[in-house]
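> Below: sequence and its predicted model.
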Amino acid sequence: MNDAPTSLPAPAATGGRGRADQDVALANRINAYRTALLAAQGHTELVARLGPRGYGAATLAQGVALCDAAQARFNARNAALAEQQAAVTALEAAEAAARGGFSDFRTIARALFQRDAAALIGLRVKGRVPADREQFLTTANAAYDAALGNAGWAARLAPRGYDQAALQAEQAKLAALAQAAATHDAARAVAQRATAERDTAGQTLDDWWGEFRAAARVALKGRADLLGALGM
């Protein structure tokens, strides 16, 4: 089948201008190789001259298949990068919501229990909020659990907007953050694997084309018109 897989729009570059330029260069090579090979397949004299050098119709078809495989990997990698970017956006939103909610909770609790050392410690009001995500989740969950588990603290927090339902809603934000982090990590792994597979397919195609180009230049020596038909 000669129809190449349709390219997906490339997501915003995540590896800098150099990586983006490499992506464009690979896409251009795939297209150029495929165009040349399709031209060769439909050109009787080209097939006749290339055949003795090992590039008959069947071998040219293999080259087209390698182009299609490389294009498919290229598309898959772009799709994976788009999924990764969506996961990054979702993670940032979830983290902002969870940390913002915990900051508000600490502000209220600090004012309510400013003279109750045990409450300040139990509700994790003292000290800095951990920057590390896992440590933050542990700290915030412990604070909400403490608020829910202490009737006296709960009674004072409820009039300030932190009744049982509100505290459980804050815990749900933490759960959403944990899930968003897991989704992000999975999407990043998929994108890394897709990039490796794209690179391997591209290298395989480049190697095949390098051998084909050498054979074509010998087979078509003195025929600039035929070499031109192959983009050489």
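Thanks, I have the structure now. Numbering: from 1, shown residues only.
> got the contact list for Arg128?
For Arg128, no contacting residues are found, by C-beta atoms under 8 Å, 6 or more residues apart in numbering. All C-beta spots, glycine's among them, are computed from the backbone N, C-alpha and C.
> Going forward, the N-terminal residue is numbered 23.
Okay, residue one is now 23; in that scheme the one you just asked about reads as Arg150.
> Can you classify it by secondary structure?
What DSSP: H, G, I helix; E, B strand; the rest coil gives for Arg150 is coil.
> What of the one 3 residues further on?
Taking three-state DSSP as the rule, one finds Ala153 in the coil state.
> Next, it: phi, psi?
Dihedral pair for Ala153: phi -80, psi -30, per degrees, to the nearest 10.
> what about it, how many neighbours?
The local packing of Ala153 (other C-beta atoms under 10 Å) involves 8 other residues.
> same check, this time on the one 10 residues further on
For Asn163, the number of neighbouring residues by other C-beta under 10 Å comes to 17.
> Please report how far it lies from Leu189.
In this structure, Asn163 and Leu189 are 11 Å apart, going by C-beta to C-beta, to the nearest Å.
> Equivalent analysis for Ala176, please.
From Ala176 to Leu189 the distance is 8 Å (C-beta to C-beta).
> list residues touching both of the two?
Common contacts of Ala176 and Leu189 (C-beta under 8 Å, 6+ apart): Ala169, Leu170.
> what about the helices in this protein?
Along the chain, counting by DSSP state H, helices occupy 38-63, 66-72, 79-134, 139-144, 155-171, 173-179, 186-241, 246-251.
> buried residues in the second one?
Which is helix 66-72. Leu68, Arg71, Leu72 (16 or more other C-beta atoms under 10 Å).
> could I get the helices of the chain as CSV with mean pLDDT?
Shown next, in CSV, are the helices of the chain (pLDDT from 0 to 100):
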stretch, mean pLDDT
helix 38-63, 88
helix 66-72, 92
helix 79-134, 97
helix 139-144, 96
helix 155-171, 98
helix 173-179, 97
helix 186-241, 97
helix 246-251, 91
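> Quick check: phi and psi on the residue located most distally from the centre of the chain?
Residue farthest from the centre of the chain, counting by C-alpha atoms, centre = their mean, is Arg137 at 48.8 Å. The phi and psi values for Arg137, taken as degrees, to the nearest 10, are phi -110, psi 10.
> Having no further points to raise, I will conclude here.
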